[in-house]
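[1] starting from these lines, generate the structure:
(2 chains)
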Amino acid sequence: MFLTLKELRYSKFKFSALAFIIFLIVFLVLFITGLANGLANDSGSALKNTTAKTFILQKDADARLNRSNLTEQDWQRLTTKTSDTRLSVNQATIQQTAHQKAKTDIAYFVVDANSFLAPTITSGHQLTNQKTNQVVVSRKLQTDGYQKGDWFKDTTSGHRFQIAGFTTATAYSHSPVIYLNAQQGLLINPSTKTQFNAVVSDHTKSTTSGYQTLTTKQVISAIPGYSAEQSSLYLMIGFLYVISLFVLAIFFYIMTLQKKADFGVLKALGAQNRYLVNHLLTEIGLLALIAILIADGAIIGISLIMPTSMPFSLTPVVIGGTSAIFLVVAVLSALLSLIQVTRIDPISAIGGHA
Amino acid sequence: MSQPILKLTNISKTYPDGAQTNTVLHDVSFEIQTGEFAAIVGPSGTGKSTLLTIMGALLHPTSGTITLAGQELTSLSAKAQTTIRLNQIGFIFQSAELIPYLTVQDQLTLIQRLAGHVDLPKAQAILTNLGLAHHLQHYPKILSGGEKQRVAIARALINEPPLILADEPTASLDAQRGREVVASIKAAVHQQNRAAVMVTHDERVLDLVDHVWQIADGTLTQIR
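    Numbers count the residues shown, from 1 in each chain, chains lettered A, B, ... in the order given. Reported below is the predicted structural model:
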């Protein structure tokens, strides 16, 4: 620690540059992770944020809710628990009655207001199973200028609803969700009288032949665009980890090579290998820790000032996990240098090396 | 006569050189008592440095025995050799070889730390005694060659080793500074009752040492 602190203090510029590289990479990884999580939420939070565990779809639906058509007959066959409920999803556009021109893409979730799929209210009134015009919508619609009490029109059917309450920022395939009860569902899509998309259960279910039994995760992955977005973003994150491992390893290795003569002298003077290994590990560990903490602070700061329309989500657990992985990457990057240091022969100090 | 602090008996060192073996040291015997300052002279390439690395527990001889303060060094592990170097030997290298990012006083406290006991006043006293009181907080880059070498002497003395080994300590200095540095080593040896061996080809400083040995073709003979 003594040697480490003295060296960090002496070579401030060199080590600041190294810490800056770590900072930039950690910041970028956190940013892309936040984006990946944000997009994942934007794509499937309407399903993810429920207690749903199992979705039963029509056999040839390819795990896509909108490709699945189930009937009353299927319902009778598939319900085994009293909490089981049905779900219809309709993607559509709405217009605010006050400004006719602005259209917004949304997803209607036709649910039973007494089931576990009913939206949790953050402001306003609950969804009921009454035949009213009062609906609950995702808070995401607020970014499009929708307020509580506002009327909007379903562009296809022309039917008007009033916003009674907001739920959390739920979304389905990047569109805010509007929750309708079965009677309201009939108004925008009469076929929901006889057909629906999925039987949803908050229990795990065994497969029934003739149907597709899926976990919530599988259904979310099948939402169009979801897998493509997530896999390309996580590919970037994976590459960033590998790139940072190599960049740090090479940077640190060259710095170690420059100090080879010093290490030889220290060994001749009686420094054990362990002391020098600890010195290098403390050095990279300390630098990485400082850089990571600054990056964490920066990303938290940025996320606070980011507009709510930006799909970005980072939890403390994700920030902590990413930071921990980076600390490990930084320590691993020192491995090459450590091998180099243990191989330096103290004899190199004798005979001069001008 | 008391037991010599360092004793080399019939030391040989050979290196494989293709199909042949290259003999660098041939049946070398050497000893030095506490309170003595010996110089080993000879042209370069005659085994001076190899002899010093064997004395300094940096290299094992091919045959022969070496004892330092009564301890056999011939077959120690690398780790045990390192401990011997830390506690029993003070090294002075050709061009000081100070650690660039440590201040003058930290050069000494680092060695104390490695040995497990920091004593800053002692480090400062040794440096002051060598005329470096005004440089305690300075980094090596602002010191002159002679001052650097005096810091190196202080560093060699800090753990009070019984043996000091100097590898061409005047090589990078002019005649006057070189002489001052050797005089400093001599003073330390005599005042603090240590033994010192200096490898050199600088004949102008030989009047300052107690004994002179000459090495030629791997054979060592005492000439004074």
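[2] near chain A, which residues of chain B show up?
    Contact residues, chain B versus chain A (Cβ under 8 Å from any Cβ of the partner chain): B:49, B:52-53, B:56, B:58-59, B:79, B:82-83, B:85-87, B:91, B:93-95, B:97, B:99-102, B:106, B:109-111, B:113-115, B:139, B:155, B:167-168, B:171-172. Quick note: C-beta positions are derived from backbone N, CA and C, even for glycine.
[3] out of the residues you listed, list just those in helices.
    B:49, B:52-53, B:79, B:82-83, B:85-87, B:106, B:109-111, B:113-115, B:155 (DSSP state H).
[4] which of those residues are buried, as a ChimeraX select command?
    Buried subset of those, written as a ChimeraX selection, criterion 16 or more other Cβ atoms under 10 Å in any protein chain shown:
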select /B:49,52,53,82,83,85,86,87,106,109,110,111,113,114,155
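[5] other residues contacting stretch B:203-211?
    B:32, B:36-39, B:41, B:170, B:175, B:178-179, B:182-183, B:186, B:198, B:200, B:212, B:222, B:224 (Cβ atoms under 8 Å, 6 or more residues apart in numbering or on different chains).
[6] may I see the buried residues of it?
    Residues of stretch B:203-211 classed as buried: B:205, B:206, B:208, B:209, B:210, B:211 (neighbour count, 16+ other Cβ under 10 Å).
[7] which of those residues sits closest to chain A?
    Proximity of the buried residues of stretch B:203-211 to chain A (Cβ to the nearest Cβ) peaks at residue B:205, which lies at 17.4 Å.
[8] tell me the pLDDT of that closest one.
    With respect to pLDDT, residue B:205 scores 92.
[9] same question, the one 4 residues further on
    As summarised for this prediction, residue B:209 has a pLDDT of 95.
[10] just to revisit the earlier point, so which of the buried residues of stretch B:203-211 are in strands?
    residue B:211 (DSSP state E).
[11] is it true that residue B:192 touches residue B:156?
    No: if you go by Cβ atoms under 8 Å, residue B:192 and residue B:156 don't touch, sitting 11.3 Å apart.
[12] more neighbours: the two, which one.
    Neighbour count, other Cβ atoms under 10 Å in any protein chain shown: between residue B:192 and residue B:156, residue B:156 has more, with 27 against 13.
[13] grab the nearest non-local neighbour of the more buried one.
    For residue B:156, ignoring the flanking residues on the chain, the nearest one in space by Cβ to Cβ, 6 or more residues apart in numbering or on different chains is residue B:90 at 3.0 Å.
[14] that older thread, could I get the buried residues of stretch B:203-211 in TSV, plus columns for distance to residue A:254?
    Shown next, in TSV, are those (distance: Cβ to Cβ, whole Å):
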residue	distance to residue A:254
B:205	40
B:206	44
B:208	43
B:209	43
B:210	47
B:211	46
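[15] show me what contacts the residue nearest to residue B:156?
    B:155, B:156, B:157, B:158, B:159, B:161, B:163, B:164, B:165, B:194.
[16] ok, now residue A:48?
    Per Cβ under 8 Å, 6+ apart, neighbours of residue A:48: A:40, A:41, A:216, A:220.
[17] does residue A:337 really touch residue A:254, like I thought?
    No: contact criterion Cβ under 8 Å: residue A:337 and residue A:254 do not qualify, at 9.1 Å.
[18] neighbour count winner among these two?
    residue A:337 (24 against 10).
[19] so which of the contacts of residue B:90 belong to helices?
    B:155, B:156, B:157.
[20] follow-up on the earlier one: mind checking which of the contacts of residue B:90 are buried?
    B:155, B:156, B:157, B:158, B:159, B:161, B:163, B:164, B:165, B:194.
[21] contacting residues around residue 127?
    Let's take chain A. A:111, A:113, A:118, A:119, A:134, A:135, A:136, A:164, A:165, A:179, A:181.
[22] that's the wrong chain, I wanted chain B
    Residue B:127 touches B:104, B:105, B:108, B:133, B:135, B:136, B:151, B:154, counting by Cβ under 8 Å, 6+ apart.
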